[in-house]
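Visitor: got a structure for you, letters missing:
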């Protein structure tokens, strides 16, 4: 049995969002001609899936988060990646910030919600 992860981003401006992934992030892609011209499907490389609790307690503090899904792009060197992407026109709304589990920046995506980009400090499973 083989599993792959197909991530979906819903955008108010799909053409601008696709152009961002193609031109700024430079992700490899195929065009799905059956879905119409310009419908690009991007390779995102190795992936992993983490399951987080909606309620935890650490050091006497309760942390709660609503049930949701999140997309995060993992990188091996956040500072270098941010500099390179900014040269290509990327805009970061925050970061780099130390969140304990890793260094984090929020990347603005045209037509869509921000993506977390981070340099993990935790054990990773994407290369198993």
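Guide: Looks like it came in fine. Fair warning: this is a prediction, and the values are worked out from it, not measured in the lab. Numbers count the residues shown, from 1 in each chain.
Visitor: Return the distance of stretch 104-121 from the chain's centre.
Guide: Put simply, stretch 104-121 sits 6 Å off its chain's centre (Cα atoms, centre = their mean, to the nearest Å).
Visitor: okay, and the helix or strand of this structure with the least pLDDT?
Guide: strand 55-58 (a mean of 92; mean pLDDT, DSSP states H and E).
Visitor: Note down every partner strand of that one and its orientation.
Guide: If you go by DSSP bridges, strand 55-58 pairs up with strand 61-64 (antiparallel).
Visitor: What are the buried residues along whatever helix or strand comes next after the strand it pairs with?
Guide: Going down the chain from strand 61-64, the next helix or strand is strand 72-74, by DSSP states H and E. Neighbour-count burial for strand 72-74 flags residue 74 (criterion: 16 or more other Cβ atoms under 10 Å). Placement of C-beta: from N, CA and C, glycine included.
Visitor: residues making contact with strand 72-74?
Guide: Contacts of strand 72-74 with the rest of the structure, by Cβ atoms under 8 Å, 6 or more residues apart in numbering, involve 107, 115-120, 124, 126.
Visitor: Could you write me a ChimeraX select line covering just the buried ones among the residues you listed?
Guide: Typed into ChimeraX, the line below selects the buried ones among the contacts of strand 72-74, using 16+ other Cβ under 10 Å:
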select :107,115,116,117,118,119,120
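Visitor: With adjacent residues omitted, what lies nearest to residue 5?
Guide: Counting by Cβ to Cβ, 6 or more residues apart in numbering, residue 5 lies nearest to residue 47, which is 4.8 Å off, once chain neighbours are set aside.
Visitor: Could you do residue 55 as well?
Guide: residue 64 (5.0 Å).
Visitor: Residue 20 too?
Guide: Closest residue to residue 20 apart from its sequence neighbours, by Cβ to Cβ, 6+ apart: residue 110 at 5.1 Å.
Visitor: Pull the contacting residues for the one you found.
Guide: Residues in contact with residue 110 (Cβ under 8 Å, 6+ apart) are 13, 16-17, 19-20.
Visitor: What separation is there between residue 68 and residue 113?
Guide: According to Cβ to Cβ, to the nearest Å, residue 68 and residue 113 sit 11 Å apart.
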